[in-house]
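> 3D model of this:
(2 chains)
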Amino acid sequence: MIVDVLHPGRPNVSHKELGDRLSKLYKSSEDCVFTFGFRTAFGGGKSTGFALIYDSLDEAKKVEPKYRLIRHGIGAKGIISSKQRKERKNRAKKFRGTKKAKAATAGKK
Amino acid sequence: MTPSKNDEEAEVFLDAVLGDHSAGSETENPELAKLIQADSPLLVKQIYSIVESMKSAKEKLMELQQRISSNSVPTSKGVSLLEIKLHGLLSYLTNLSFFILLKLHGQSTSELHPSVERLIEMRVILEKIKPMEVKLKYQIDKVLKAANDASNPSAEKNAQRNVSEFDLQNSGVSDPLQFKPNPLNLVGASTALDKNADQSREDGGVYRPPRIAPVKYSEEPKRRKGDLSASTRESLSKSRLFKDMRDTFDTSRPEQVTSHGTGYGVRELRDSKDEELAKIEEFELSNYQRLSATRDRNKREKAAMRKGGAAGIVDEMENLESDFLQMDALDRAVSFDNQERYGSSGSVLAKRNMRAESFFTGNDEPRKKGKFTDATELVTKVASGAAGKKTAYDKALRKASKPRHRTLGKK
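Okay, the predicted model is just below:
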């Protein structure tokens, strides 16, 4: 759904608060509400964005893209720093196939 | 009620009225007596007419009664709506007569008597039946027609036309209770059957196709000389230059102000930037995803900023070029239109002369000559050979007879 938020006099509303309000409106649990794409209109006071409400968390995990799950705190992040990622890649270069995965984790230790 | 009793009663009533008149009731109320005197001949006339009509109605009723009692006319299983109407009318009549009786006896009818209630009820019912009857009219007519046809011997009709029952059934004519429209019942359908039969015998069974002259098929509509293309027209309506010219020269028009910036503009008055933004907005909202600014867009925006326009200011010099390109086409269209209206020269003098003429003669409309309006003129033109010089053959002839330019090499 498209969500229009009116917040005169204050900066735009956080995802958490939006999730709270929407869950109350639509009688669902807070962790099934996913909000994204909020843009504040010129001049402030109004922002427009999208929200998706799922029936259950399992369905949400199947459908939602990873970045949104990470935002919610459900998804697993993986290594962020580029140096670590490159080191991992270089370790895995020495092997072929499923051994790559083993080598990456083994080398790290 | 027997007929003789009714007549007796009528005569008694008449005597009473006329007798009352001659009595000394005038002294009580002279005005009332005068009124009675004035109205009484009319009343007598009316009563006589009532009596006569009652007599005739009675006779007919007696007949009908006899027919019903002899069971020659069926009175049940008819159209139920009409039965309701019948009973409604009867009840209305009886209640009405009772009401009249009340009035005659001088009783006040301001309180709602049950008979009056009945009257109102019946009236409402009858009024509601009316539109229903209108709707059923078609079906009732069909049924009556079917009944009439059934009563007449239809076999004779068929024999006259030499058409078999099978054919009739197929065409649907012989089934009068079929309420859906039957295209074969249209005028000429039956005659067509006969016609075909006759024709096939004449030709000896060979099919001869109808003789129709072939016509050229043209997909796109022919463009007249003085027409502007759709794109030209659109850009002309948008351009600043022509808008300014219109404002200065065409003073009869009201001044147009753009609604640029408000949310209420006509779509054509939006410039390209607005349209782009609107498109993006539409896409975002319908597909539930936000678009980020692409490289081209950023480049274009930066270029526009560098040129010196803050958001929304249009470069006039840019559009002037396109305006002057369209000027050519516009000029052609205008000159063609002038030629049509003011004669073949289309010059300013001709226009002025026409104006003067119209002023003196009094007719306001400028004479717009179409191609084939004046038949005699066209004929004389063709006969004199003036039009002939413009055909393709003549053109080619002229081209061939023209002296050719010599190239440098040959001499």
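> alpha carbons only for contacts and neighbour counts from here, please
Noted.
> ok, the residue minimising distance to the centre of chain A to residue A:61 distance?
Taking CA atoms, centre = their mean, the centroid of chain A lies closest to residue A:68, which sits 2.1 Å from it. Noted for residue A:68: a distance of 10 Å to residue A:61, by CA to CA, to the nearest Å.
> same thing with residue B:397?
84 Å.
> now swap in residue B:212 and tell me
Counting by CA to CA - residue B:212 and residue A:61 are separated by 73 Å.
> Kindly format the C-alpha coordinates of stretch A:35-44 as CSV.
Written as CSV, here are the backbone C-alpha positions of stretch A:35-44 (Å, rounded to 0.1, in the frame of the first residue of the first chain):
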residue,chain,number,x,y,z
THR,A,35,8.0,0.0,5.3
PHE,A,36,10.3,1.4,2.6
GLY,A,37,10.7,4.2,0.1
PHE,A,38,9.7,7.2,2.2
ARG,A,39,10.3,10.6,0.6
THR,A,40,9.5,13.8,2.4
ALA,A,41,7.7,16.4,0.2
PHE,A,42,9.3,19.8,-0.4
GLY,A,43,8.6,22.1,2.5
GLY,A,44,8.3,19.3,5.0
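> okay, now the residue of chain A found nearest chain B: neighbour count?
Residue of chain A nearest chain B, by CA to the nearest CA: residue A:37 (6.0 Å). Close neighbours of residue A:37, defined as other CA atoms under 10 Å in any protein chain shown, add up to 17.
> List the pairing partners of the helix or strand harbouring it within its sheet, with orientation.
In this structure, residue A:37 sits in strand A:33-40 according to DSSP states H and E. Note on strand A:33-40: by DSSP bridges, its sheet partners are strand A:46-53 (antiparallel).
> Give me the contacts around the partner strand.
A:1-8, A:12, A:28, A:32-41, B:288 (CA atoms under 8 Å, 6 or more residues apart in numbering or on different chains).
> So what touches the strand holding residue A:37?
Strand A:33-40 is touched from outside by A:12, A:15, A:18-19, A:22-23, A:46-54, A:68, A:72, B:289-290, with contacts defined as CA under 8 Å, 6+ apart.
> hmm, which of the residues you listed are the buried ones?
By neighbour count, with 16 or more other CA atoms under 10 Å in any protein chain shown, these hold A:12, A:15, A:18-19, A:22-23, A:46-54, A:72, B:290 as buried.
> ok, now how distant is residue B:70 from chain A?
For residue B:70, the distance to chain A equals 79 Å [CA to the nearest CA, to the nearest Å].
> what does residue B:255 give?
32 Å.
> Need phi/psi at the residue nearest to that residue when sequence neighbours are not counted.
Closest residue in space to residue B:255, ignoring its immediate chain neighbours: residue B:247 at 6.6 Å, by CA to CA, 6 or more residues apart in numbering or on different chains. Main-chain dihedrals, residue B:247, degrees, to the nearest 10: phi -60, psi -40.
> Next one, pLDDT for residue B:247 please.
pLDDT for residue B:247: 84.
> Count residues in the vicinity of it, would you?
Using other CA under 10 Å, the number of residues around residue B:247 comes to 15.
> what does residue A:67 give?
Other residues close to residue A:67 by other CA under 10 Å number 13.
> and if you look at the one 4 residues further on?
Using other CA under 10 Å as the criterion, residue A:71 is surrounded by 13 other residues.
> again with residue B:256
Residue B:256 has 9 nearby residues by other CA under 10 Å.
> circling back to that earlier point, of residue B:212 and residue A:61, which one has the most company?
Each of residue B:212 and residue A:61 has its neighbours counted (other CA under 10 Å); residue A:61 has more, 16 against 6.
> leaving aside the residues next to it on the chain, what's closest to the more buried one?
residue A:69 (7.3 Å).
> same deal with residue A:46?
In space, residue A:46 comes closest to residue A:6 once its chain neighbours are excluded; the distance is 4.6 Å by CA to CA, 6+ apart.
> where does the one you found land on pLDDT?
pLDDT recorded at residue A:6 is 95.
> cool, residue A:83 as well?
In this model, residue A:83 carries a pLDDT of 94.
> can you pull the contacts of it?
Contacts of residue A:83 by CA under 8 Å, 6+ apart: none found.
> What residues sit buried inside whichever strand or helix holds it?
Following DSSP H and E, one finds residue A:83 within helix A:82-92. Using 16+ other CA under 10 Å as the burial criterion, the residues of helix A:82-92 that qualify are A:88, A:91-92.
> From chain A, how far out is residue B:117?
From residue B:117 to chain A the distance is 58 Å (CA to the nearest CA).
> any idea how far that residue is from residue B:92?
Taken as CA to CA, the span from residue B:117 to residue B:92 is 11 Å.
> Equivalent analysis for residue A:73, please.
Distance of residue A:73 to residue B:92, given as CA to CA: 84 Å.
> same deal with residue B:239?
Plainly put, residue B:239 is 77 Å away from residue B:92 if you go by CA to CA.
> Looking at those two, which is more packed in?
Between residue B:239 and residue B:92, residue B:92 has the larger neighbour count (other CA under 10 Å), namely 21 against 15.
> per-domain residue ranges of chain B.
By the assignment in the TED database, chain B contains the domains B:1-19+B:32-74, B:78-149.
> related to what we said a few turns ago, would you mind measuring from the residue nearest to residue A:46 to residue B:249?
Residue A:6 is 49 Å from residue B:249, by CA to CA.
> Pick out whichever of these two has more residues nearby.
Taking neighbours as other CA under 10 Å, residue A:6 and residue B:249 compare with residue A:6 leading, 15 against 9.
> surely the more buried one meets residue A:41?
No: Residue A:6 lies out of contact with residue A:41 (CA atoms under 8 Å); the separation is 10.2 Å.
> Need the pLDDT of the residue in chain B positioned nearest to chain A.
Per CA to the nearest CA, residue B:290 is where chain B lies closest to chain A, at 6.0 Å. As predicted, residue B:290 sits at a pLDDT of 91.
> Leaving out sequence neighbours, find the closest residue to residue A:76.
residue A:70 is the one closest to residue A:76 (CA to CA, 6+ apart), at 6.6 Å.
> Where does that neighbour fall, secondary structure wise?
Going by DSSP H and E, residue A:70 is part of helix A:66-72.
> repeat for residue B:292
Under the criterion DSSP H and E, no helix or strand holds residue B:292.
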